[in-house]
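Novice: whatever this is, show me its structure:
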Amino acid sequence: MTRCKGTLLLAVAFATWVGGASQAVAQDQPRSKFLVLRVSSNNLPAEEATALTQGELAKLAKYPQFDVLKVPDADPMDLMVDADCVDFDAQCLANIGAGRGADVVLYTEVSDQAGRFNVQMRLVDVTTKAVKSPEGGAEESSRLGEFIANAIEKMLGPEPQPEPELLKVDIASTPAGGEVYVDKDFVGLTPVAVRLKTGDYTLRISKVGYKETVQPLKVEGRKANVVSLNLNVVDIPKTPVTPVPTKEREVKKTPWYGSWWFWTIVGAAVVGGGTAAGVVLSKTSGGGAGSIGLSPDARYAPKDVTLFPR
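Specialist: You can find the predicted model right below:
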């Protein structure tokens, strides 16, 4: 049962390696124990070989599906002898790994042949003894670290990228209740807290009766991300009401002295006065009686009194 369980875990951890595609192990599953042997070389200085080993550990630390064990202090050749091996083949490395409780073993050997550095790497599954050994080499010692890092990715798949950190951003407005859009996504009504990756965004807040506010939003790490905006009321221009001009009816007024009733009265007075005057004159001067003529048209009223002597 234990052997079957170990085989299942290693199959999951090495889906990349065996099938040619990289798969990350879920966080709730046990991680495979990864044993790295010291980089051995026939002519590299010890400090350079140690630096290459540390580079392997740093690279493997970025693969969350593995629990990297402590590198044995013993020289790989001594480990091979202790495991009763004559060569670093899959069986020998599997025996070394099994003796240290590892699920996976990595061994790297750098050799100098005619001034050219060759790198030989072996990745062995302790349970299945499956081997992954990329081909290649490097021309210069300064490129050995880069070559080894690339070789590990060939065996285990691309280096897993950590999930970007989401930062809290508090967005408020005065008055509250504004609709908040980050880029084109609606995130809620103010006040609202959202979590965003670091980077540049476009913030838009709108509310009925207020002008829409649009501004850039820069989200940065190690900094309090707080945005507070004042919304401006929409100005509704008042259109003056222009009264419709009404054409007044022109009324031609007749002067009071041109009214018919005025001249009728005047005419009556003149007639009466003229008659009285005629009577008086007739009695005084001994003259004969006369007559007065009036026109019925008021326009001729000022000229209406005509005395006719007999």
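Novice: got the residue ranges for the helices in the stretch 151-300 of the chain?
Specialist: With DSSP state H, counting those that start in this stretch applied, the stretch 151-300 of the chain shows helices at 260-285, listed in chain order.
Novice: show me where it has strands.
Specialist: Counting by DSSP state E, counting those that start in this stretch, the stretch 151-300 of the chain forms strands over residues 167-174, 179-182, 185-189, 192-196, 199-206, 213-219, 225-230, 290-293, given from the N-terminal end onward.
Novice: which of these sits closest to residue 43?
Specialist: With respect to residue 43, and counting by CB to CB, the nearest of the strands of the stretch 151-300 of the chain is strand 199-206 at 48.3 Å. (Glycine included, C-beta is placed from N, CA and C.)
Novice: please enumerate residues in contact with the closest one?
Specialist: Counting contacts by CB atoms under 8 Å, 6 or more residues apart in numbering, the residues outside strand 199-206 that touch it are 171, 173, 178-183, 190, 212-219, 227, 229, 231.
Novice: just the buried ones from the residues you listed, in ChimeraX syntax?
Specialist: For the buried members of the contacts of strand 199-206, the matching ChimeraX selection, counting by 16 or more other CB atoms under 10 Å, is:
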select :171,173,178,179,180,181,182,190,213,217,219,229,231
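Novice: picking up where we left off before, adding distance to residue 89 and mean pLDDT, write the strands of the stretch 151-300 of the chain out as JSON lines.
Specialist: Below are these laid out as JSON lines (distance: least, CB to CB, whole Å; pLDDT from 0 to 100):
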{"stretch": "strand 167-174", "distance to residue 89": "51", "mean pLDDT": "95"}
{"stretch": "strand 179-182", "distance to residue 89": "57", "mean pLDDT": "96"}
{"stretch": "strand 185-189", "distance to residue 89": "56", "mean pLDDT": "95"}
{"stretch": "strand 192-196", "distance to residue 89": "51", "mean pLDDT": "94"}
{"stretch": "strand 199-206", "distance to residue 89": "50", "mean pLDDT": "95"}
{"stretch": "strand 213-219", "distance to residue 89": "53", "mean pLDDT": "94"}
{"stretch": "strand 225-230", "distance to residue 89": "56", "mean pLDDT": "92"}
{"stretch": "strand 290-293", "distance to residue 89": "161", "mean pLDDT": "52"}
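Novice: adding distance to residue 78, write those out as JSON lines.
Specialist: Listed next are those as JSON lines, based on distance: least, CB to CB, whole Å:
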{"stretch": "strand 167-174", "distance to residue 78": "51"}
{"stretch": "strand 179-182", "distance to residue 78": "60"}
{"stretch": "strand 185-189", "distance to residue 78": "60"}
{"stretch": "strand 192-196", "distance to residue 78": "52"}
{"stretch": "strand 199-206", "distance to residue 78": "52"}
{"stretch": "strand 213-219", "distance to residue 78": "54"}
{"stretch": "strand 225-230", "distance to residue 78": "56"}
{"stretch": "strand 290-293", "distance to residue 78": "166"}
